[in-house]
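Enquirer: got a predicted structure here, sequence first:
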Amino acid sequence: MKRYDRLIFVSNGDTALGPMAEAILQNKFLMDVLEVTSRGAVVLFPEPVNPKAEAVLVSNGLTMKDHVSAPLLPEDFDERTLILATGESVKQKLKNQFGELAAGVKTIAEFTGEGRDVSNPYGGGLADYGVSFGELDVLIARLALLLNEEELLC
């Protein structure tokens with residue numbers, strides 16, 4: 001039996017890193033069906049994907065042009081949902097906001113055991129978004145491998 005039915009990437013506003021992570025994982029091979037989405041730790045109103053994030057996605061053959069930001073909600077937490085924060089600061093926001101519900105939240109880097117958290121490109125140029133995409137791509141390739149290994153062991 002598979003361990004997770006859903007994976008939620010959580011970034012600050014759900015307009016750049018979270019949607020990029022979602023797009024990358026949706027285009028990786030997974031042995032079983034997994035609902036992949038993204039949410040924000042702080043979403044005051046729905047917003048589209050950051051244009052620089054979308055430009056980087058498009059240059060890598062991906063898109064999230066129809067994505068609209070949404071906040072993470074208490075009902076998103078359950079034992080069949082893996083919630084991964086894009087960085088330590090987001091993880092801490094979730095723990096402060098949701099308390100015990102967020103006890104199992106890990107960063108992508110922490111879950112995969114790979115390097116450091118993804119750099120936040122907010123306020124930077126297109127090149128900064130490209131760097132963040134590259135960091136996410138490496139981490140999510142490892143994540144897909146781990147999810148597939150878990151599937152084989154179940």
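Expert: Nice, thanks for sending it over.

Enquirer: show me the contacts for the residue lying closest to residue 152 once chain neighbours are set aside.
Expert: Counting by CB to CB, 6 or more residues apart in numbering, residue 152 lies nearest to residue 31, which is 7.3 Å off, once chain neighbours are set aside. Where C-beta positions appear, they are placed from N, C-alpha and C, glycine not excepted. By CB atoms under 8 Å, 6 or more residues apart in numbering, the contact set of residue 31 is 147, 148, 151, 152.

Enquirer: helices of this structure, residue ranges please.
Expert: Here the chain has its helices, by DSSP state H, at 17-26, 51-59, 88-98, 108-112, 126-153.

Enquirer: residue 76 contacts residue 39, correct?
Expert: Yes - between residue 76 and residue 39 a contact is recorded at 6.6 Å, counting by CB atoms under 8 Å.

Enquirer: between these two, which is the more surrounded one?
Expert: residue 39 (20 against 17; other CB atoms under 10 Å).

Enquirer: show me what that one is bridged to.
Expert: Bridge pairing for residue 39 (DSSP bridges) gives the partners residue 10.

Enquirer: could you give the number of residues near the nearest residue to residue 60 once chain neighbours are set aside?
Expert: Among residues not flanking residue 60 along the chain, residue 133 sits closest, at 6.5 Å (CB to CB, 6+ apart). For residue 133, the neighbour count with other CB under 10 Å is 24.
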